[in-house]
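Asker: Need coordinates for the below:
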Amino acid sequence: MVFGLAAVSAALVLLSAPPEPVRENAEPHSHAPRARPSAEPPTSAEATPEPPPSAEPTYLELDGGTLEEQKQALLVNLERELRLDAKAFAEVSAIVMGERWLGQGNPKVTKHPMTRAECRELRKAKAPLPEGDPRCGKPNMVPLFDATRGESRDQAQVCIDQYEFPNIPCEYPVVWVRADQASRICRAIGKRICDAHEWEGACAGALKPPEDEYAFGERRMMIEYLHNQKREIVWAYGKTKDHSLCAANSRKSPGCVTPTWQMCGSNTYPAGAFPDCRSAFGVFDLHGNAAEHMNLPLVPEQLASRGGLGETEMKGSWFIFQREEAHKDDCRWRAPMWHHTRVDDPNSHFNYHLGFRCCRDLEVK
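Answerer: Numbers count the residues shown, from 1 in each chain. All right, here's what the predicted structure looks like:
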């Protein structure tokens, strides 16, 4: 691999001093001519004082460039925004840089309908993005519980990411990721892949116990059929379907008929760009943008919340759903047998509009 941890480490070293900001749509290697140094160095009295260090971490924004360059910028932002320690950063870097396509889409064909800067301006004008709950112990996470059963936030046993991975507001989702890689990334950063019912509860605004959400002992097709037959029909934003409230009005790339890297751009929006596409818990983009890998347990021992893994389950919808509604996308819908494999299968499904988010278990006091 030409680009690896050494390249990422070099990027971090270069960024240790306040760099020039990377502008949207800037060519990654374009530089203004440098002034020649004067023949005589300035005296100490004439020396320009060093600027004070910035209070905020530098954020890299790279549109264009190669996939490897975009991955390196992503890793720098992950390390800084999610405050990853050296071990977590090394593990995530190995997964991201070790997979040929994993990233934010093929930069040669991807056309995002909104820039990161436009997302921030939109959020500034409408409402600031809500902060995560510090009880989750990680940035940009919120606790899940069921108020209809008398539970309170303090009794929550699990938290979920507010945004699709990388779980950074106004950043594009990571796609072309397999379920086993998603599970490994979550584990590397002190989290885990979510169980299907946890994602559903985060969307619907009430987390039900797993015993109520799975027909354990049945075959998979029957588990999904029985669940869908009795499910509550609701969307994150309310009880009436309205794709216009979410990141669902983008387009496929021209020529994208079958999901191929060469022809299909990941034409996603920045995460959290649609303020009304938000659940009661403060979780964004559960409809539209990227569909998401989750864990579907077939027996209780396969619950990720109990340390197991079952089969893959696609949750949510993706960025063209206002134009082409390929399947149902209400909160508690389960897609029957959609490219299913074991979560830990190294050949699990991936494509240009499929990402993930993570969950984290809490200790109940």
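
Asker: Distance check, the residue lying closest to residue 177 once chain neighbours are set aside against residue 96.
Answerer: Using C-beta to C-beta, 6 or more residues apart in numbering and skipping the chain neighbours, the partner closest in space to residue 177 is residue 102 (5.1 Å). Heads up, the C-betas are built off the backbone N, CA and C, glycines and all. Distance from residue 102 to residue 96, counting by C-beta to C-beta, to the nearest Å: 6 Å.

Asker: Repeat that for residue 351.
Answerer: From residue 351 to residue 96 the distance is 17 Å (C-beta to C-beta).

Asker: Which neighbours do residue 102 and residue 96 have in common?
Answerer: Taking C-beta atoms under 8 Å, 6 or more residues apart in numbering as the criterion, residue 102 and residue 96 both touch residue 71.

Asker: residue contacts, the most centrally placed residue in the chain?
Answerer: When C-alpha atoms, centre = their mean is applied to the chain, the residue found nearest the centroid is residue 165 (1.7 Å). Residue 165 makes contact with 173-174, 177, 182, 185, 355-358 under the criterion C-beta under 8 Å, 6+ apart.

Asker: Among those residues, which ones are in strands?
Answerer: Members of these lying in strands (criterion: DSSP state E): 355-356, 358.

Asker: can you redo these as a markdown table with distance to residue 288 and pLDDT?
Answerer: Shown next, in a markdown table, are the ones in strands among the contacts of residue 165 (distance: C-beta to C-beta, whole Å; pLDDT from 0 to 100):
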| residue | distance to residue 288 | pLDDT |
| --- | --- | --- |
| 355 | 12 | 98 |
| 356 | 15 | 98 |
| 358 | 19 | 98 |
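
Asker: Just give me the closest of the residues you listed to residue 157.
Answerer: residue 358 (15.4 Å; C-beta to C-beta).

Asker: Would you agree the closest one is in contact with residue 167?
Answerer: Yes - taking C-beta atoms under 8 Å as the definition, residue 358 is a contact partner of residue 167 at 7.2 Å.

Asker: higher neighbour count, the two?
Answerer: The neighbour comparison of residue 358 against residue 167 (other C-beta atoms under 10 Å) goes to residue 167, with 26 against 23.

Asker: which SS class is residue 323?
Answerer: Three-state call for residue 323 (DSSP: H, G, I helix; E, B strand; the rest coil): coil.

Asker: can you give me the helices in the stretch 201-350 of the chain?
Answerer: With DSSP state H, counting those that start in this stretch as the criterion, the stretch 201-350 of the chain has helices at 210-213, 220-230.

Asker: residues contacting the nearest residue in space to residue 123 that is not next to it in sequence?
Answerer: Nearest non-adjacent residue to residue 123, counting by C-beta to C-beta, 6+ apart: residue 129, 5.5 Å away. The contact partners of residue 129, by C-beta under 8 Å, 6+ apart, come to 123, 169-170, 272.

Asker: pLDDT averaged over the longest helix along the chain - what is it?
Answerer: The longest helix of the chain (DSSP state H) is helix 67-81. On average, the pLDDT along helix 67-81 is 95.

Asker: tell me which helix or strand of this protein sits lowest on mean pLDDT?
Answerer: The helix or strand of the chain with the lowest confidence, counting by mean pLDDT, DSSP states H and E, is helix 5-14 at a mean of 42.

Asker: and residue 331, what pLDDT?
Answerer: pLDDT at residue 331 comes out at 98.

Asker: And for residue 131?
Answerer: For residue 131, the model assigns a pLDDT of 85.

Asker: so what's residue 250 up against?
Answerer: Contact analysis of residue 250 by C-beta under 8 Å, 6+ apart lists 113, 267-269, 319-320.

Asker: okay, now the residue nearest to it when sequence neighbours are not counted: neighbour count?
Answerer: Nearest residue to residue 250, sequence neighbours excluded (C-beta to C-beta, 6+ apart): residue 319, at 4.0 Å. Neighbour count for residue 319, taken as other C-beta under 10 Å: 27.

Asker: Secondary structure class of residue 96, three-state.
Answerer: helix.

Asker: Would you confirm that the residue nearest to residue 123 belongs to a helix?
Answerer: No - checked against three-state DSSP, residue 129 lies outside a helix; its state is coil.

Asker: Excluding residues flanking it in the chain, which one is nearest residue 114?
Answerer: residue 269 (5.0 Å).

Asker: Kindly state the pLDDT recorded for that neighbour?
Answerer: For residue 269, the model assigns a pLDDT of 98.

Asker: what does residue 16 give?
Answerer: Looking at residue 16, its pLDDT reads 36.

Asker: And residue 92, how close does it get to residue 181?
Answerer: 10 Å.

Asker: Verify the contact between residue 299 and residue 219 for me.
Answerer: No - between residue 299 and residue 219 there is no contact under C-beta under 8 Å: 11.5 Å.
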